[in-house]
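**Student:** A structural model of the following input is requested.
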Amino acid sequence: MKLQLTTGVLLLAASGCAVPAGGVPIATAGDLGKSGFMTAVTAPAARPIQEEAAPAASEAPGITPLQHSIWNSVGFQKRFAQSYAAVSAVEPEVSAEEFELIQLAQTQMADDDLAGAIATLEAAAGPTATAAIDFQLGNMRYQGGDTEAAIADYQLAADKFPAFRRAWMNLGSLKKNLGDDAGARTALTQALRHGAVSPDVYGALGEATANLGHHAAAESALRFAMLLEPENLRWQQALALSLIEQERGNEAVAVIEGMLIQMPDNANLHEWHAKALYGSGRLMEAAASFEMSDRLGGGSVGGLLALGGIYANGALPELAVTAYDRALAKAPEESLKAALSVARVLAYNGELDAVEKLTASLEERAGFLMDDEQRSEMLKLESRIAVARGDDTGQAAVLQEIVALNPLDGEALILLAEMAERAGELDAAILQYERAGRLGQFEAEAKRKHAILLVRDQRYGEALPLLRRSVDLEPREWVEDYLEKVEGLAKTRP
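**Tutor:** The predicted model follows:
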């Protein structure tokens, strides 16, 4: 005789175990898990099969003629009968002997004899056993901490009975917990194909799909999860991150701002808000959210570097320095390259005070990490500051050493030219400008400064081709205006 196993109440639940009937806890070990939002959720149990037959219409008290006609409809009776078979279609049958063994295992679990319960079901397992035995054995092995064996049991149960919805749900849930997103997506998709309608299944599928980089598909699954469970912040957070990855910042902002109403002190959430705003081009709003995240103790290094970039590009050099200093303090190796690059930009823009503070921070927090090239960059920054302030003492020797090591270092050549020009050594300055002007990256700057030297020496005709080339390479309004004036002077005083 075959029985339909109504496992809506699992053996594990009877003994007070943590794993519920319908599925192992669904959680994520990826980026979402690091956020502090992660909560353990479980897939719902299958509803017990109802064995009773449909009542006859004549037995139903107070039935109306319309209801009577509906009950007697052939189509309705067929659909009603199918509703009773819906769960049995996704639950394997078991023999009476297997059912007794499962009951025995349940008793052993209730007596805290997990090993005995596993041994009982292991004795019944095998190629001829039904999928229900493998499924229950998987639950018990998972409870005992043997996740690899549990996965094998769930997979075997699904292989024996491909429509076994709860086996697919538990298999997908466990693979998701272990970081096997591809395996989780396959199993959870099978669960959906066999009728699973659960926010946990849709949500975990969305997270796994997002982790695999398929964000449009992940969005669809996550929106289904939110439709079924709109108050769950986990699905909202996963959807927001997926939208950010799709560069749909404004939509992500709307989702995250709804979450912030409920969790205003969550530092990670403020950083996601900042990233979404950044992606939408709302840079100063993004800066405010990055700052809030950092003040709440959760600012990441990436967030602080982005914050520094916003300030640097927004002509707020002092604030940029504070952001990069915080990033260097938190993770010097990760921040060194970006901070050094911004220091060069600030120096080029003449923000000497900010450069001096940032180079001091770089030296203090990351000096021990610098390679030869980075150390050379630091020396050039220090020389640029000294040259700009008229303090050439000792700087020429440093720059000569840099050029000796790398004759193609255009920045050092330009600095040497500026020092020579300031000392009145025009021929030496021109030589260095000419050397730097042959290097593509530095050609525009070198030719512009060379031309300005010649104009100061009233050599207007010689300056014109240099200025024109500089404008062609790097158009700047002030240089174009300067060129017009020099052209006028060249006509009167060539």
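**Student:** wait, Ala184 sits on Trp168?
**Tutor:** No - with contacts counted by CB atoms under 8 Å, Ala184 stays clear of Trp168, the gap being 10.5 Å. Where C-beta positions appear, they are placed from N, C-alpha and C, glycine not excepted.
**Student:** confirm Val94 sits in a strand?
**Tutor:** Yes - the secondary structure assignment for Val94 places it in a strand, going by DSSP: H, G, I helix; E, B strand; the rest coil.
**Student:** give me the beta-bridge partners of it?
**Tutor:** Counting by DSSP bridges, Val94 forms beta bridges with Leu3.
**Student:** tell me how far it lies from Ala225.
**Tutor:** Here the criterion is CB to CB, to the nearest Å. By it, Val94 lies 32 Å from Ala225.
**Student:** which residues of the stretch 201-350 of the chain score low on pLDDT?
**Tutor:** By pLDDT under 70, the stretch 201-350 of the chain has no low-scoring segment.
**Student:** strands of that one, residue ranges please.
**Tutor:** Chain-ordered strands for the stretch 201-350 of the chain, with DSSP state E, counting those that start in this stretch as the definition, do not occur.
**Student:** please enumerate the helices of it.
**Tutor:** With DSSP state H, counting those that start in this stretch as the criterion, the stretch 201-350 of the chain has helices at 215-228, 233-245, 249-262, 267-279, 283-295, 301-313, 317-330, 332-348.
**Student:** reformat those as JSON lines; add distance to Asp427.
**Tutor:** Rendered in JSON lines, the data for those read as follows (distance: least, CB to CB, whole Å):
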{"stretch": "helix 215-228", "distance to Asp427": "62"}
{"stretch": "helix 233-245", "distance to Asp427": "57"}
{"stretch": "helix 249-262", "distance to Asp427": "56"}
{"stretch": "helix 267-279", "distance to Asp427": "50"}
{"stretch": "helix 283-295", "distance to Asp427": "47"}
{"stretch": "helix 301-313", "distance to Asp427": "38"}
{"stretch": "helix 317-330", "distance to Asp427": "36"}
{"stretch": "helix 332-348", "distance to Asp427": "26"}
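**Student:** can you put those in a markdown table and add mean neighbour count and distance to Glu477?
**Tutor:** A markdown table is the format used below for those (neighbours: other CB atoms under 10 Å; distance: least, CB to CB, whole Å):
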| stretch | mean neighbour count | distance to Glu477 |
| --- | --- | --- |
| helix 215-228 | 20 | 42 |
| helix 233-245 | 24 | 37 |
| helix 249-262 | 17 | 32 |
| helix 267-279 | 24 | 29 |
| helix 283-295 | 20 | 24 |
| helix 301-313 | 22 | 19 |
| helix 317-330 | 22 | 22 |
| helix 332-348 | 19 | 17 |
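**Student:** for Ala115, find the nearest of those.
**Tutor:** helix 233-245 (34.7 Å; CB to CB).
**Student:** what distance separates the closest one from the centre of its chain?
**Tutor:** The offset between the C-alpha centroid of helix 233-245 and the centroid of the whole chain comes to 10 Å, using CA atoms, centre = their mean, to the nearest Å.
**Student:** packing partners for that helix?
**Tutor:** Based on contacts counted as 3 or more CB pairs under 8 Å, 6 or more residues apart in numbering; DSSP states H and E, the elements that helix 233-245 packs against are helix 199-211, helix 215-228, helix 249-262, helix 267-279.
**Student:** would you turn those into JSON lines with distance to Leu473?
**Tutor:** Putting the helices and strands packed on helix 233-245 into JSON lines (distance: least, CB to CB, whole Å) gives the following:
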{"stretch": "helix 199-211", "distance to Leu473": "44"}
{"stretch": "helix 215-228", "distance to Leu473": "40"}
{"stretch": "helix 249-262", "distance to Leu473": "35"}
{"stretch": "helix 267-279", "distance to Leu473": "31"}
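**Student:** to Gly298, which of those helices lies closest?
**Tutor:** Using CB to CB, the nearest of these to Gly298 is helix 267-279, at 2.4 Å.
**Student:** show me what the closest one packs onto, helices and strands only.
**Tutor:** Judged by 3+ CB pairs under 8 Å, 6+ apart, the packing partners of helix 267-279 are helix 233-245, helix 249-262, helix 283-295, helix 301-313.
**Student:** closest one to Trp478 among those?
**Tutor:** Relative to Trp478, the nearest member of the helices and strands packed on helix 267-279 by CB to CB is helix 301-313, separated by 20.0 Å.
**Student:** tell me what the closest one is packed against?
**Tutor:** Counting by 3+ CB pairs under 8 Å, 6+ apart, helix 301-313 packs on helix 267-279, helix 283-295, helix 317-330, helix 332-348.
**Student:** and these as JSON lines, adding distance to Arg493?
**Tutor:** Conversion of the helices and strands packed on helix 301-313 to JSON lines gives the following (distance: least, CB to CB, whole Å):
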{"stretch": "helix 267-279", "distance to Arg493": "53"}
{"stretch": "helix 283-295", "distance to Arg493": "48"}
{"stretch": "helix 317-330", "distance to Arg493": "40"}
{"stretch": "helix 332-348", "distance to Arg493": "32"}
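**Student:** closest to Glu484 out of the ones you listed?
**Tutor:** Comparison of these against Glu484 by CB to CB identifies helix 332-348 as nearest, at 24.6 Å.
**Student:** put the alpha carbons of the closest one into CSV.
**Tutor:** Listed next in CSV are the C-alpha coordinates belonging to helix 332-348 (Å, rounded to 0.1, in the frame of the first residue of the first chain):
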residue,chain,number,x,y,z
PRO,A,332,46.7,52.7,3.1
GLU,A,333,47.6,50.1,0.4
GLU,A,334,44.2,50.4,-1.3
SER,A,335,44.2,54.2,-1.1
LEU,A,336,47.8,55.1,-2.0
LYS,A,337,47.4,55.1,-5.8
ALA,A,338,44.2,57.2,-5.9
ALA,A,339,45.5,59.7,-3.3
LEU,A,340,48.8,60.2,-5.1
SER,A,341,46.9,60.8,-8.4
VAL,A,342,44.7,63.4,-6.8
ALA,A,343,47.7,65.1,-5.3
ARG,A,344,49.2,65.5,-8.8
VAL,A,345,45.9,67.0,-10.1
LEU,A,346,45.8,69.4,-7.1
ALA,A,347,49.4,70.4,-7.7
TYR,A,348,48.7,71.0,-11.4
